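K.L.:
Fold the following and give me the result.
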Amino acid sequence: MPGLPYLRAGSGPALVFVHGYLGGAAQWAQEIERFKDAFDVIAPNLPGFGAAADRPGCASIEEMAAAVLGLLDELGIAEFLLVGHSMGGMIAQQMAADRPDAVKRLVLYGTGPLGLMPDRFEPIDTSRERLLADGVDCTIRRIGATWFRAGAAAAAYPLLVEIGARANPQAAMAGLGAMAAWDGRAALPRLSMPTLVLWGDCDKSYRWPQIHTLWSNIPDARLSVVPGTSHAVHLEKPGFFHSILADFLTEP
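P.N.:
Residues are numbered from 1 along each chain as shown. Purely as a prediction, here's the structure:
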């Protein structure tokens, strides 16, 4: 998908951040600022979300991965370090499976290998029904509260709602369908690059069995569990999140 909007800053090895469902590149502002001195940091907006809300959403995780890879091709980036959050973590897994030689290090953050998300705070079908009935704005307010341990009282909740509300309704619905149809488990043993699985221990979207499946099936995976955080660790404990990420991204 040509011309996908993105945020970019810094110089050095390319470091790509992929946001999740009802997210946008703007959610990575603190990460861009933190890592721009050592990396060429790139944060795309997925089709239909954030600054790309004027574009149709993708029908599958594979299409979303292809859109991000297409942007990187346009930018002339052949190798990169990759961070994916939530649905973005599914996209990152797909990107790593599609172009394993391009992904030098992989961070799978608050995500899993199965798009149906067993034991999620509500089934995907329920999210579909409520999205259809309530619209995008009400949906991000309701769902977004589950992403923080403090719920809607979290300091970063208004930012998350503001970004999420930009999504177009078609993309919001398509994203739910794309996740429900995706299963990346068979590809995990082929993800040979160094991988960090990062998870908040109060996450209500991706429960421990999904995290364990990633950690135990990716050959060169290590695990970091952040206590006292939910689904948005980078917004709940940004300093802690950055230290974990920096340690992994810069290790020999």
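K.L.:
Run through the helices of the protein in chain order.
P.N.:
29-35, 61-74, 87-98, 124-134, 136-145, 157-164, 169-181, 208-217, 233-236, 238-249 (DSSP state H).
K.L.:
how far out from the middle of the chain is the lowest-mean-pLDDT helix or strand in the chain?
P.N.:
Sorting the helices and strands of the chain by mean pLDDT, DSSP states H and E puts helix 124-134 at the bottom, at a mean of 94. Relative to the chain's own centre, helix 124-134 is displaced by 21 Å; criterion: Cα atoms, centre = their mean, to the nearest Å.
K.L.:
tell me which residues of it are tucked away?
P.N.:
124, 127, 131 (16 or more other Cβ atoms under 10 Å). Backbone N, C-alpha and C define where each C-beta goes, glycine included.
K.L.:
what sits against the last one?
P.N.:
Right, the one you point to is residue 131. With contacts taken as Cβ atoms under 8 Å, 6 or more residues apart in numbering, residue 131 has the following neighbours: 139, 169, 172, 173, 176.
K.L.:
Now do the last one against residue 97, distance only.
P.N.:
Residue 176 sits 22 Å away from residue 97 when distances are taken as Cβ to Cβ, to the nearest Å.
K.L.:
Tell me which of those two has more neighbours.
P.N.:
Using other Cβ atoms under 10 Å, the more surrounded residue of residue 176 and residue 97 is residue 176, with 20 against 17.
K.L.:
Quick check: pLDDT value at the more buried one.
P.N.:
We have a pLDDT of 97 for residue 176.
K.L.:
The chain should start at 302 in everything you say after this.
P.N.:
Understood, numbering begins at 302; the last thing we discussed is residue 477.
K.L.:
Pretty sure it sits against residue 430.
P.N.:
No: using Cβ atoms under 8 Å as the test, residue 477 is too far from residue 430 to be in contact (10.1 Å).
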